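In: Kindly return the folded structure for what I paste below:
(one chain, ligands or ions: 1)
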Amino acid sequence: MLSAVLNAESLLPNCYNAFSFPSIMKCPFCGHANDKVVDSRESKEADSIRRRRECLKCEKRFTTYERIDEIPYMVVKKDGRREKFDRQKVLNGLLRACEKRPVPISKLEQIVNEAEAFIIESPERERKTSEVGELIMNRLRRYDKVAYVRFASVYLDFKDVQEFMTELKDLLKTKESDPQAKAAAKPLQ
Ligand SMILES: [Zn+2]
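Out: Numbers count the residues shown, from 1 in each chain. Just a heads-up that it's a prediction; the model follows:
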């Protein structure tokens, strides 16, 4: 089965590559929709591809720039300030919470993906940080209770502390039977 997939892939022609498949542009001089690319190069910052094209009808040359559509997705903080959603920032927070915990990095990446998808799904292209934080906490809770408690203690603000303490007490109640909860009960360094 695997070899069949590999074979099928090797049968794909090399031109199945976005870079060698530049889309057709209308000539700005005569409107003809057929051109050839005479030169392609990345911009200095590598955020766009510059293509020099030649119209196949009038033979005039023109330049197009191809860019990745970078739409910012925002998170809205409690005080109303908006901030660009930053995958790395979320991942860093998770890594800190999971320090010396047996949580594979792939799980953390998955949580970041889910948080990102949650924001992208929003028709307003933004979500409250409290909603995103809650989603992350819920996911993290499944994987590791210690990491969850650490994350929550950093993330939650004072008005949520009471609720959090209630939850923590529930965790502590089960400490005899649950080594994870027992570890969670230890003070953080
Ligand atoms: Zn033309």
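In: Flag every residue of this structure that's near the ion.
Out: By CB under 5 Å from the ion, the part of the chain that sits against the ion consists of C27, F29, C30, H32, C55, K57, C58. Bear in mind the C-beta positions are built from the backbone N, C-alpha and C, glycine included.
In: got the residues you listed as CSV, with neighbour count columns?
Out: Output for the residues of the chain next to the ion, formatted as CSV (neighbours: other CB atoms under 10 Å):
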residue, neighbour count
C27, 21
F29, 13
C30, 11
H32, 15
C55, 21
K57, 13
C58, 13
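In: ok, so of these, who is nearest D170?
Out: Nearest to D170 among those is C27, at 69.2 Å by CB to CB.
In: So that closest one is in contact with E59, correct?
Out: No: look at C27 against E59 with CB atoms under 8 Å: they stay out of range, at 9.6 Å.
In: Could you pull up phi and psi at I49?
Out: Main-chain torsions, I49, degrees, to the nearest 10: phi -110, psi 130.
In: Checking the closest residue in space to it that isn't next to it in sequence next. Helix, strand or coil?
Out: With CB to CB, 6 or more residues apart in numbering as the criterion, I49 has its nearest non-adjacent residue at 4.4 Å, and that residue is E66. Three-state call for E66 (DSSP: H, G, I helix; E, B strand; the rest coil): strand.
In: Any idea how many residues pack against E66?
Out: Number of residues near E66 (other CB atoms under 10 Å) recorded here: 16.
In: Can you give me the distance of it to C27?
Out: 17 Å (CB to CB, to the nearest Å).
In: where along this structure do the strands fall?
Out: 35-42, 48-55, 61-67, 74-76, 82-84, 126-128 (DSSP state E).
In: would you turn these into JSON lines with mean pLDDT?
Out: As requested, the strands of the chain are exported to JSON lines (pLDDT from 0 to 100):
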{"stretch": "strand 35-42", "mean pLDDT": "87"}
{"stretch": "strand 48-55", "mean pLDDT": "89"}
{"stretch": "strand 61-67", "mean pLDDT": "87"}
{"stretch": "strand 74-76", "mean pLDDT": "92"}
{"stretch": "strand 82-84", "mean pLDDT": "91"}
{"stretch": "strand 126-128", "mean pLDDT": "93"}
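In: can you put those strands in CSV and add distance to S153?
Out: As requested, the strands of the chain are exported to CSV (distance: least, CB to CB, whole Å):
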stretch, distance to S153
strand 35-42, 45
strand 48-55, 43
strand 61-67, 42
strand 74-76, 20
strand 82-84, 22
strand 126-128, 20
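In: Cool, thanks, signing off.
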